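Chemist: here you go, sequence then predicted model.
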Amino acid sequence: MSLTLLVMSSPGVAPTPAHALLQEGTLGPAWKVLDGGDCHQLVHQFNAHAPNQVVLLGPAASVVADAIGAWNGTPPCAVTWVGANPGQDELAQLLDLGLTGWWPDAGLSAPALATGLALDGQRWQRHAALVQALGQVQGQLSDRKYLDRAKGVIAQARGLDEDEAFKLLRGAAMHAKLKIGDVSRSVIEAAAWAEALNRAGQLRMLSQRLVKLAAQRLAGVDAHRARKLQEDSEQRAQANLDFLSTLPQLGAQGQALPDAVARAQAAWSVLQTTLAQRKSAAVLKQADDKANALLMQAEALVSELETASGRRALNVVNLCGRQRMLAQRLAKDALLAEMLDDNARREGFAQLKSEFEAALLELELAPLSSPEIRDALKAAREEWTRLLSGLRFLDKSESRVAISRASEVLLDVFEGLTALYERSLQVIMS
């Protein structure tokens, strides 16, 4: 079996004794020698001829470095340089770039050069085998890491021990005809996307909650508690943005997601500055405009996350999380409608109630369920009824207190529900 040897050199370089040795037939019947021309065309010529081995004949070390540099240290075959003695630093650089061997350009016989090239070929094959074996070991370690993490996610979500979680993963891998490492990695990715979606969804809610709490403070409705909740909400908004801005999978999707996070951060900074002003009806109205701007950016971020994740099962996490925002928005608009005597807000109640009712019904009818989810949805339905009752008597202070408190209870219920959906087996295994 003949081996194809691609010989390349630098134009204008004077021939050396090695040139005569690298001719068809000189090295023996085992070698088929091709003239590839200019070293700078190495990658192109390799792709055109697919040789078993390459010889760079006579160029300077810098030319050799440029020629093989495009392969980023992993050339697809043995690359031998026949040329002048390299310096130690040059040799180290070329080894890092993947050069297999060096031989002098004078004093060699054809048999000696043929033996040297054969040695370089075997050296490259052994190195490639070691690299492959190392990659397999690293892959196994990576799979093991993901498997351990995936077992933990499933065990926590479903109340299983690690053996039961492993059996579930193994069964899923067999059913999908995938490696268990791939399934484990998908589980971890699904959990990360679900948390990112939940965090972005919280920004929607917090945009409305912060103005609601500021309105409570100005109106004297549970003011002391509202102040503490407002401070906590501001810290939570920034913590969520910090979390989202450092997620590695966001940057891996291109620039759309990081840009969406940046726009949400900018909108949050404006709202935060407005909320820091001395409270008045005019400042509240201004803060509400800024809050709605943040809401719009948070909605866009959620949409980008859903699209980038490619997991339809996450829609239920988004739908449930959005209920937190609607409850806060309705309570906020109720307080502002009374405080500002704003009929437009009162007329908007019907649309908000309709959106909340439709989503609540969809969640109640969704096949994704469990006893805990059903109990939480029942509690949400009961608390929603209390909030609606308060809306009928906005002129009464006790009704405004009831609305404020019901919205907070609904928030807690849907926070728990969102976490249940986020950890559900259907979402995790999506």
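Modeler: Thanks, I have it.
Chemist: how does this structure divide up, domain by domain?
Modeler: In the domain annotation for the chain, the residue ranges read 3-132, 180-428 (automatic domain parsing).
Chemist: backbone dihedrals for W31, please?
Modeler: Main-chain dihedrals, W31, degrees, to the nearest 10: phi -120, psi 130.
Chemist: do you know the pLDDT at the closest residue in space to it that isn't next to it in sequence?
Modeler: Spatially, and ignoring its direct neighbours in sequence, W31 is nearest to L5 (5.1 Å; C-beta to C-beta, 6 or more residues apart in numbering). All C-beta atoms are positioned from the backbone trio N, CA, C, and that covers glycine. Model confidence at L5, expressed as pLDDT, equals 89.
Chemist: what's the answer for M8, then?
Modeler: M8 carries a pLDDT value of 87.
Chemist: now the element after the host helix or strand of L5, going C-ward?
Modeler: Applying DSSP states H and E as the criterion places L5 in strand 3-9. For strand 3-9, the following helix or strand on the C-terminal side (DSSP H and E) is helix 17-21.
Chemist: next, the buried residues of that following helix.
Modeler: Judged by neighbour count using 16 or more other C-beta atoms under 10 Å, the buried positions of helix 17-21 are A18, H19, L21.
Chemist: could you report the pLDDT at the first one?
Modeler: Reading off the confidence values, A18 has pLDDT 79.
Chemist: about what we covered before: show me which of the buried residues of helix 17-21 is closest to L147.
Modeler: Nearest to L147, judged by C-beta to C-beta, of the buried residues of helix 17-21 is A18 at 53.3 Å.
Chemist: list the contacts of the closest one.
Modeler: If a contact means C-beta atoms under 8 Å, 6 or more residues apart in numbering, then A18 has L57, G58, V82, W103, D105, A106, L108, L113 as its contacts.
Chemist: A219 now?
Modeler: Remark: with contacts taken as C-beta under 8 Å, 6+ apart, A219 is in contact with L335, E338, M339, R400.
Chemist: so G416 makes contact with A376?
Modeler: Yes: judged on C-beta atoms under 8 Å, G416 makes contact with A376 at a distance of 5.7 Å.
Chemist: higher neighbour count, these two?
Modeler: Higher neighbour count among G416 and A376: A376, with 23 against 17, using other C-beta atoms under 10 Å.
Chemist: element containing the more buried one?
Modeler: Counting by DSSP H and E, A376 is part of helix 371-391.
Chemist: low-confidence stretches in this structure?
Modeler: In the predicted model, the chain carries pLDDT under 70 at residues 1, 139-140, 142-143, 157-158, 176, 249-253, 313, 423-430.
Chemist: please enumerate the strands of it.
Modeler: In the chain, the strands defined using DSSP state E lie at 3-9, 31-38, 53-57, 78-83, 101-104.
Chemist: out of those strands, flag the one nearest E304.
Modeler: Taking C-beta to C-beta, strand 78-83 is the member of the strands of the chain nearest to E304, at 44.5 Å.
Chemist: got the CA positions of stretch 155-173 in PDB?
Modeler: Taking C-alpha atoms only, stretch 155-173 is exported to PDB below (Å, rounded to 0.1, in the frame of the first residue of the first chain):
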ATOM      1  CA  ALA A 155     -33.900  13.200  43.300                       C
ATOM      2  CA  GLN A 156     -34.700  16.600  44.800                       C
ATOM      3  CA  ALA A 157     -37.500  17.300  42.400                       C
ATOM      4  CA  ARG A 158     -39.200  13.900  42.700                       C
ATOM      5  CA  GLY A 159     -38.300  12.900  46.300                       C
ATOM      6  CA  LEU A 160     -36.300   9.900  45.000                       C
ATOM      7  CA  ASP A 161     -33.100   8.400  46.200                       C
ATOM      8  CA  GLU A 162     -30.000   8.400  43.900                       C
ATOM      9  CA  ASP A 163     -30.500   4.800  42.800                       C
ATOM     10  CA  GLU A 164     -34.100   5.500  41.700                       C
ATOM     11  CA  ALA A 165     -33.000   8.700  40.000                       C
ATOM     12  CA  PHE A 166     -30.300   6.800  38.100                       C
ATOM     13  CA  LYS A 167     -32.900   4.200  36.900                       C
ATOM     14  CA  LEU A 168     -35.100   6.900  35.700                       C
ATOM     15  CA  LEU A 169     -32.200   8.500  33.700                       C
ATOM     16  CA  ARG A 170     -31.200   5.200  32.300                       C
ATOM     17  CA  GLY A 171     -34.700   4.400  31.200                       C
ATOM     18  CA  ALA A 172     -35.000   7.700  29.500                       C
ATOM     19  CA  ALA A 173     -31.700   7.200  27.700                       C
END
